[in-house]
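Asker: can't give you the sequence, but here's the structure:
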């Protein structure tokens, strides 16, 4: 997926906050036709977990990587972020399962792109996320109208980014499914782009 291109500068006031407590113990899918908004909003959760002193893991393809200076400017501690880089996309979910089984992570991010997860593996991932109270975030590249990863997804959201002014952007999540809260909801926050982005 593409690099995170924005840095958080303040939250908008919304009824439902986008926090680690909202997604802990759940299988979450964040989709987007471009990766930057989904990745930026995911880094918000990673930063929150790190501020609590809790470990975070990310599994991705070797040729798909975020831009570390952007993440660091946004407050992510790169030294304590465990990143697993693989050569085959089909291995991402299985690697995520191994991280989940350790019980040592507060957040695990699976950068799936267009890869699906078989239902038996989804079942195991969901059970492990619930047992260890781990937020399992699956980043997928698809449109809002596309089919979800599956019925076991507890929360599905579509991420979008739009320019507010010069290098300021709004990253928004439209929650399409939430088994915990019921009706859909919306979240958005203002972010600043990196130097030179206009």
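Answerer: Received the coordinates, thanks. Here the structure is a predicted model, which is why all the values come from computation and not from measurement.
Asker: just checking, next helix/strand downstream of the lowest-mean-pLDDT helix or strand in the chain?
Answerer: Within the chain, no helix or strand scores below strand 7-11, which has a mean of 45 by mean pLDDT, DSSP states H and E. Using DSSP states H and E, the helix or strand that follows strand 7-11 towards the C-terminus is helix 20-23.
Asker: And the helices in this structure?
Answerer: For the chain, applying DSSP state H gives helices covering 20-23, 35-51, 68-73, 92-102, 119-132.
Asker: Nearest to residue 177, out of those?
Answerer: Closest to residue 177 of the helices of the chain, according to CB to CB: helix 20-23, at 13.1 Å. No exception for glycine: its C-beta is placed from N, CA and C like everyone else's.
Asker: Now do the buried residues in that closest one.
Answerer: Under the neighbour-count criterion of 16 or more other CB atoms under 10 Å, helix 20-23 has 20, 22, 23 buried.
Asker: Quick check: mean pLDDT of that helix?
Answerer: For helix 20-23, the mean per-residue pLDDT is 94.
Asker: do stretch 88-107 as well
Answerer: On average, the pLDDT along stretch 88-107 is 97.
Asker: Can you get me the start-to-end distance on that stretch?
Answerer: 22 Å (CA to CA, to the nearest Å).
Asker: what does it rub up against?
Answerer: Residues outside stretch 88-107 that contact it (CB atoms under 8 Å, 6 or more residues apart in numbering) are 20, 24, 45-46, 49, 52, 54-57, 59-61, 82, 84, 86, 108, 110-115, 117, 121, 124-125, 128-129, 131-137.
Asker: which residue sits closest to residue 18, ignoring its sequence neighbours?
Answerer: Of all residues not flanking residue 18 in the chain, residue 187 sits nearest, at 4.6 Å (CB to CB, 6 or more residues apart in numbering).
Asker: what's near enough to touch the spatially most central residue of the chain?
Answerer: Central residue of the chain (CA atoms, centre = their mean): residue 42, 3.6 Å from the mean position. With contacts defined as CB under 8 Å, 6+ apart, residue 42 is in contact with 30, 109, 137, 139.
Asker: Sweet, I'm off.
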